[in-house]
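*Asks:* Model the following, please.
(2 chains)
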Protein chains: 2
Amino acid sequence: MYVCVFSGGAAITRKHELECVDEEKLSITCRQLRQSMSLNCSLPVSMDWSRDIEAPNPPEPLDLQGKNVDTERFIIVHGAGSFGHFQASRSNVHKGGLETALGKAGFVATRISVTRLNHIIVRALASEGIPAVGVSPFCAGWSTRSRALEQHNVSMVKEILDSKLIPVLHGDAVFDSTQGCTILSGDVVLRKLAQDLKPLHAVFLTDVPGVYDRPPSDKDAVLLEEIEVHRDGSWIITRPGSLSLKTGVETEAAAHDTTGGMATKISEAAIIAMSGVDVFIVEAGTPHALEAFRSSSRYELSNAWIGTIVRAVS
Amino acid sequence: MYVCVFSGGAAITRKHELECVDEEKLSITCRQLRQSMSLNCSLPVSMDWSRDIEAPNPPEPLDLQGKNVDTERFIIVHGAGSFGHFQASRSNVHKGGLETALGKAGFVATRISVTRLNHIIVRALASEGIPAVGVSPFCAGWSTRSRALEQHNVSMVKEILDSKLIPVLHGDAVFDSTQGCTILSGDVVLRKLAQDLKPLHAVFLTDVPGVYDRPPSDKDAVLLEEIEVHRDGSWIITRPGSLSLKTGVETEAAAHDTTGGMATKISEAAIIAMSGVDVFIVEAGTPHALEAFRSSSRYELSNAWIGTIVRAVS
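*Replies:* Numbering: from 1, shown residues only, chains lettered A, B, ... in the order given. Predicted coordinates for the structure are as follows:
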């Protein structure tokens, strides 16, 4: 039993500020994830025993003795947000060029930045008592061919889940067999994991309440409540009814977002939905995010839930 | 053409101080590595474009355009030193127990600590213009069976070298197919890489001038200049001649060093030497370390060189 959680970079970083985590959003999200796992110890016992953590650190081994952490199985994948995108776009890592000094430098700088964010997120999860284990797709052998996924390593993720640990993957700079290197976005990693592992559902965390029919900054923007995806990959808006004839949405993407913005998110969600896995797109740090984590199907979501459901045609 | 460099934890961290890097040693070592690679740009252009780096950061793409970084192929593996060992020994990660909360917490805490050190080292190398790429053995699928190496991923390292990038691996907490998990020491990772990739030689960096016949803190300690390893794995001291009858050495290991101290280092070096790869054990940050990096065989070492050579019987 799995739930895949994709945290878009925008949800947990300050997207327009270089390498800046939204500490509050991250902290609430980690707490909500913990609340959604069946952890049988009442208070979190930190699994981050680093030097710079405030006392009590580390817990006495006795505090943990016998208190097994029985988790629902979650898979976490995060984007880069303001980590990595800047470095990647400055050197066009997504276009390759690993044989040049600039390409190498961009590849190295991008990996430093994205693994740094991964480290921050793993530590935040661990400090909530979640047994989080960082997995860089690059190290695990994920690679592309002409920018499309060629090699993956779902079995490694499966093995981590089988050990009742929580894998935390991320968008990464990876090798590409035709152009040397590229960016493998977190969305694509999550899609592959969802297709192969068939989780109950996938939750996409973002920084707005869901998907809108136009940029959410527009005052007339309408939240799309449900998107139905057909077998051929086309999709229609089924709720609200007033929008049901629209077949496209305008979207907004930060200029340095090399892996695309909301448009990519909808198409990735649609592909996941086509494999029979419902996708809930929801604002990070809200009660709606917690509800999305906890629900085992879309039928469990309350009427008060705010977000976008992307599902296959029934 | 490869040179394997193993930086023992003691060489670059303050071993008795939790998670403390010896900044000066690390910085000198990175500079020496750069000097030992055929880099054709006169000044290092940093490949670490993180937010907290001092200006000029990042370099203008123009600074790097056309300046290819043509490196000799180095493989870097580092130990944990004061990163990871504490967490690992507190929870006995090397003995398994991943099914308990304490075991999980220890595994998570250890991985957080060792990947943090890896991140620091990769950034230090990148800031010297070395195209360093961190590879966690755990993520790359290295695992053990009854604490002995079972699965490795040398091909990933080979692929990184073929892209003229410098892989930086480390001692890690990994899965073990009989006991759940254990610690895979950096020595063992380096041994496997040396056996399979047949580098010119391997350099072991440490915090003393080489291997002594007794704890180096003892004023009568004598530096072993050359150790000869026989086909059956036994070894003798060939230089200095006065010690040639000794077949063992007393060693000192910090209490929290779960992967053993100098004794482990000699046996690992002996195994590497048996596969035909000379091992130079040398003090990090000294001119002797630079000489060790630059020499393509033991015959190139000057008479003034101070360190221990471990080699197979000729």
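
*Asks:* after the top helix by length along chain A, next one along is what?
*Replies:* As assigned by DSSP state H, the longest helix anywhere in chain A is helix A:101-127. Sequence order places strand A:132-134 as the next helix or strand after helix A:101-127, per DSSP states H and E.

*Asks:* hang on, the earlier thing: next, see if the longest helix of chain A gets close to chain B.
*Replies:* Yes: with CB under 8 Å from any CB of the partner chain as the criterion, chain B is reached by helix A:101-127 at A:101-102, A:104-105, A:107-109, A:111-113, A:115-116, A:119, A:122-123, A:126. The C-beta positions use only the backbone N, C-alpha and C, and glycine is treated the same way.

*Asks:* Nearest to A:Ala80 among those residues?
*Replies:* Using CB to CB, A:Ser113 comes nearest to A:Ala80 of the residues of helix A:101-127 next to chain B, at 7.3 Å.

*Asks:* Isn't A:Val21 up against A:Thr13?
*Replies:* Yes: using CB atoms under 8 Å, A:Val21 makes contact with A:Thr13 at a distance of 5.5 Å.

*Asks:* Looking only at neighbour counts, state which of those two leads.
*Replies:* Per other CB atoms under 10 Å in any protein chain shown, whichever of A:Val21 and A:Thr13 has more neighbours is A:Thr13, with 29 against 20.

*Asks:* and the residue nearest to the more buried one when sequence neighbours are not counted, what pLDDT?
*Replies:* Leaving aside its sequence neighbours, A:Thr13 sits nearest to A:Gly81 (CB to CB, 6 or more residues apart in numbering or on different chains; 3.1 Å). A:Gly81 is assigned a pLDDT of 81 by the prediction.

*Asks:* Surely A:Gly81 is in contact with A:Lys15?
*Replies:* Yes: applying CB under 8 Å, one finds A:Gly81 in contact with A:Lys15, separated by 5.4 Å.

*Asks:* Could you pull out the residues contacting both of A:Val21 and A:Thr13?
*Replies:* Listed as contacting both A:Val21 and A:Thr13 by CB atoms under 8 Å, 6 or more residues apart in numbering or on different chains are A:Leu117.

*Asks:* Quick check: of the residues of helix A:101-127 next to chain B, which lies closest to B:His288?
*Replies:* Using CB to CB, the residues of helix A:101-127 next to chain B come closest to B:His288 at A:Val108, 28.7 Å.

*Asks:* contacting residues around that closest one?
*Replies:* B:Met47, B:Asp48, B:Ala126, B:Pro131, B:Ala132, B:Val133, B:Leu165.

*Asks:* Chain A next: which of these are close?
*Replies:* Checking these against chain A (CB under 8 Å from any CB), the matches are B:Met47, B:Asp48, B:Ala126, B:Pro131, B:Ala132, B:Val133, B:Leu165.

*Asks:* Going by neighbour count, which of these comes out on top?
*Replies:* Result: B:Met47 is most packed of the ones next to chain A among the contacts of A:Val108 (other CB under 10 Å), 32 neighbours.

*Asks:* Now do the helices in the stretch 101-250 of chain A.
*Replies:* Ranges of helices within the stretch 101-250 of chain A are A:101-127, A:154-162, A:186-197, based on DSSP state H, counting those that start in this stretch.

*Asks:* Sketch out the low-pLDDT regions of chain A for me.
*Replies:* Confidence mapping of chain A against pLDDT under 70 gives the ranges A:1, A:38-44, A:53-71, A:243-264.

*Asks:* re the thing from before, could you give the angle of the longest helix of chain A to helix B:101-127?
*Replies:* 160 degrees (axes from the mean of the first three to the mean of the last three CA atoms, to 10 degrees).

*Asks:* and helix A:101-127, how far out from the chain's middle?
*Replies:* 15 Å (CA atoms, centre = their mean, to the nearest Å).

*Asks:* Please apply the same query to stretch A:280-292.
*Replies:* So, by CA atoms, centre = their mean, the centroid of stretch A:280-292 is 13 Å from its chain's centroid.

*Asks:* so how many other residues sit close to the residue nearest to A:Ser275 when sequence neighbours are not counted?
*Replies:* Take A:Ser275 and drop its neighbours on the chain: the residue closest to it by CB to CB, 6+ apart is A:Gln195, 4.6 Å away. Counted with other CB under 10 Å, residues neighbouring A:Gln195 total 17.

*Asks:* Just list the residues touching A:Gln195, thanks.
*Replies:* By CB under 8 Å, 6+ apart, the neighbours of A:Gln195 are A:Ile271, A:Ile272, A:Ser275, A:Val277.

*Asks:* quick revisit: identify, from the residues of helix A:101-127 next to chain B, the entry nearest to A:Ser91.
*Replies:* A:Leu102 (5.2 Å).

*Asks:* Quick check, the closest one in contact with A:Val93.
*Replies:* No: contact criterion CB under 8 Å: A:Leu102 and A:Val93 do not qualify, at 9.8 Å.

*Asks:* So between these two, which is more surrounded?
*Replies:* Using other CB under 10 Å as the criterion, A:Leu102 and A:Val93 rank with A:Val93 on top: 31 against 26.

*Asks:* Please name the residues that touch the nearest residue to the more buried one once chain neighbours are set aside.
*Replies:* Nearest residue to A:Val93 in three dimensions, chain neighbours excluded: A:Gly106, at 4.7 Å (CB to CB, 6+ apart). Shown in contact with A:Gly106 (CB under 8 Å, 6+ apart): A:Gln87, A:Ala88, A:Arg90, A:Ser91, A:Asn92, A:Val93, A:Gly97, A:Ala173.

*Asks:* where's the first one, which helix or strand?
*Replies:* It refers to A:Gln87. helix A:85-91.

*Asks:* For the residue nearest to A:Val211 when sequence neighbours are not counted, name its beta-bridge partners.
*Replies:* Using CB to CB, 6+ apart and skipping residues adjacent in sequence, the residue nearest A:Val211 is A:Thr308, 4.4 Å away. Note on A:Thr308: beta-bridge partners A:Ile281, judged by DSSP bridges.

*Asks:* Do I have it right that A:Thr308 meets A:Pro216?
*Replies:* No: using CB under 8 Å, A:Thr308 makes no contact with A:Pro216, being 11.5 Å away.

*Asks:* now, which of the contacts of A:Gln195 sits nearest chain B?
*Replies:* Chain B lies nearest to A:Ile272 out of those, by CB to the nearest CB, at 23.7 Å.

*Asks:* The closest one belongs to a helix, doesn't it?
*Replies:* Yes: when DSSP: H, G, I helix; E, B strand; the rest coil is applied, A:Ile272 is found to be in a helix.

*Asks:* Run a quick neighbour tally on the nearest residue to it once chain neighbours are set aside.
*Replies:* Nearest non-adjacent residue to A:Ile272, counting by CB to CB, 6+ apart: A:Ala194, 4.7 Å away. By other CB under 10 Å, the residues close to A:Ala194 number 26.

*Asks:* repeat for the one 10 residues further on
*Replies:* Neighbouring residues of A:Phe204 were enumerated by other CB under 10 Å; the total is 30.

*Asks:* contacting residues for it?
*Replies:* A:Phe6, A:Gly8, A:Lys265, A:Ala269, A:Val279, A:Phe280, A:Ile281, A:Val282.

*Asks:* how about 7 Å then?
*Replies:* A:Phe6, A:Gly8, A:Lys265, A:Ala269, A:Val279, A:Ile281 (CB atoms under 7 Å, 6 or more residues apart in numbering or on different chains).

*Asks:* looking at those residues, which has the most residues close by?
*Replies:* Ranking those using other CB under 10 Å puts A:Val279 first, with 32 neighbours.

*Asks:* quick one: secondary structure of that one?
*Replies:* Applying three-state DSSP: A:Val279 is strand.

*Asks:* hang on, the earlier thing: now the residue nearest to A:Val211: how far from A:Pro240?
*Replies:* A:Thr308 is 11 Å from A:Pro240, where distance means CB to CB, to the nearest Å.

*Asks:* so A:Cys4 makes contact with A:Pro199?
*Replies:* Yes: A:Cys4 lies in contact with A:Pro199 (CB atoms under 7 Å); the separation is 4.6 Å.
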